[in-house]
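Colleague: based on what follows, work out the 3D shape:
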Amino acid sequence: MNFTRGLWREVEDVIVLPNSLGIDAQKCNESRPLAYQANIAERSPATRVLAQVAAPFTVIVLAHGLLSVALAYGTGYRFNPGMAGLLAMILGLLVPWFLLVLLIRRVVLLAVVDRSTRPVADMIGVLKSLIADRDRVLGGSFRLLLVAFFVGSFGYQKELVAVVQPFGWDVAFAELDRLVHFGADPYRLLLAVFGSPLATTALNAVYHAWFFLIYFVVFVACFAPRRHNPSTAFLVAFALTFGIGGNALAMVFSSAGPVYFERLGLGGDFVPLMDHLSAVSEISPVWALKVQEGLWAGYMNEGVLAGISAMPSMHVATSMLMALYAWTHARWAGWVMAVFAMLVMLGSVQLGWHYAVDGYVGAAIAWVAWRFGLAVARRGEGRAA
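Modeller: Got it, this is the predicted structure:
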């Protein structure tokens, strides 16, 4: 019963209920506070556009972009948010899959929750309602464009880490890892449990699945109803987590990660880990190794990939953020994403990308950013009311 109620709450938040489901939409609207109805009715197109431009997420993204321009002027390192174009291309490939996932989800809800007797007609009604919601479609598209620009700006500032602040914290973080984990390197503890070829490949698969999931969740948040506070909070926290954690703190605590420890001339502390991964790759796929080589080639100006940075872990931070957001939709979704975040944390260490403390700091940043995002969303709701 709790599972069903959780799904139903999610449906009410995410879609517009058509009359074809036998639900009186007028009564649903009448049940809302009068101030809310009046506010919606009186909003002119210009007011709606201004609300999008003045939204907290928009302000943060534009401020981040201006900072990138200022850094380009100050450092002479050309600002070319090429990652924005790459993201646009990738989203062009991913969005159809996102829509397919959401369509399947809606069909399941029609069958399980709504118990529809006319599933085809009801599905068409839902789609028509969504398409007719111009504010939602245009607002979501605008936010998605902002995400593309922000990712490009973030990528530029991440490239600057190695240019402005050479890697200088790896030894300190490796020692801190041992201090926190009772004198042992965390990867040695993990290899005893997850060191098999099958487990290593599974962790790598989860780690790479992050790419699809983060943009899927961003897509959902962008096209959520405007007054859906958790979605507003997620987008604000998303920008702050990447901007403060992935750029500002990454610049201050510049580090490359265990995979590059020896190449930086810092010693052979992590040679056993990398040797183990190389040996495993002969038996079972370890896709991380190829990406790591590509990033190193970019760092040496011999490749197209760039942006080595370990502290804090953005994979762990954003996985934590997705879990917090998922909890607001349904308990089962929160548990699934919590497990996912934990596996990403383990994979970040075992695959040589991060020191364990990178993940701990990343998770803490995500939690603080989420709380701040919720406060911003609630304050915006209070002003609108």
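
Colleague: quick one: low-confidence ranges for this protein?
Modeller: Per-residue confidence for the chain (pLDDT under 70) gives these ranges: 1-54, 80-91, 110-114, 116-117, 119-133, 226-227, 302-305, 380-385.

Colleague: just checking, what's the longest helix in it?
Modeller: As far as residue count goes, and with DSSP state H defining each element, the longest helix of the chain is helix 134-164.

Colleague: now whichever helix or strand comes after that helix: buried residues?
Modeller: Tracing the chain past helix 134-164, the next element assigned as helix or strand by DSSP states H and E is helix 170-180. Buried residues in helix 170-180, counting neighbours by 16 or more other CB atoms under 10 Å, are found at Asp170, Phe173, Ala174, Asp177, Arg178. C-beta here means a position set from N, CA and C on the backbone, and glycine is covered the same way.

Colleague: nearest to Ala377 among these?
Modeller: Phe173 (33.9 Å; CB to CB).

Colleague: residues contacting the closest one?
Modeller: When the contact criterion is CB atoms under 8 Å, 6 or more residues apart in numbering, the partners of Phe173 are Phe253, Ser255, Ala310, Met311, Tyr355, Val357, Asp358.

Colleague: test my guess that the second one contacts Pro166.
Modeller: No. Between Ser255 and Pro166 there is no contact, the gap being 10.3 Å when judged by CB atoms under 8 Å.

Colleague: quick one: which of these two has more around it?
Modeller: Looking at Ser255 and Pro166 with other CB atoms under 10 Å, you find the greater number of neighbours at Ser255, namely 27 against 10.

Colleague: what's around Gln165, how many residues?
Modeller: The local packing count at Gln165 equals 15, with neighbours defined by other CB under 10 Å.

Colleague: pull the distance from stretch 152-159 to the chain's centre.
Modeller: Using CA atoms, centre = their mean, to the nearest Å, we find the averaged C-alpha position of stretch 152-159 to lie 16 Å away from the chain's own average C-alpha position.

Colleague: all further residue positions should be reported with the first residue as 50.
Modeller: Taking 50 as the first residue, the last one we looked at is stretch 201-208.

Colleague: just the CA atoms of that stretch, as CSV, please.
Modeller: What follows is stretch 201-208 as a C-alpha-only set of coordinates in CSV (Å, rounded to 0.1, in the frame of the first residue of the first chain):
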residue,chain,number,x,y,z
GLY,A,201,30.6,23.6,-20.8
SER,A,202,31.5,26.3,-18.3
PHE,A,203,32.2,23.7,-15.7
GLY,A,204,34.4,21.7,-18.1
TYR,A,205,36.4,24.8,-18.9
GLN,A,206,37.1,25.6,-15.2
LYS,A,207,38.0,22.0,-14.6
GLU,A,208,40.6,22.1,-17.3
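
Colleague: output the contacts of Phe222 as CSV; include the columns secondary structure and distance to Ala254.
Modeller: Putting these into CSV (DSSP: H, G, I helix; E, B strand; the rest coil; distance: CB to CB, whole Å) gives the following:
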residue, secondary structure, distance to Ala254
Phe302, coil, 29
Ser304, coil, 26
Ala359, coil, 21
Met360, coil, 25
Tyr404, coil, 22
Val406, helix, 25
Asp407, helix, 21
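
Colleague: ranking by neighbours, what's the top pick from these?
Modeller: Neighbour count (other CB under 10 Å) singles out Tyr404 as the most crowded of the contacts of Phe222, with 32 neighbours.

Colleague: got phi/psi on that residue?
Modeller: phi -80, psi 150 (degrees, to the nearest 10).
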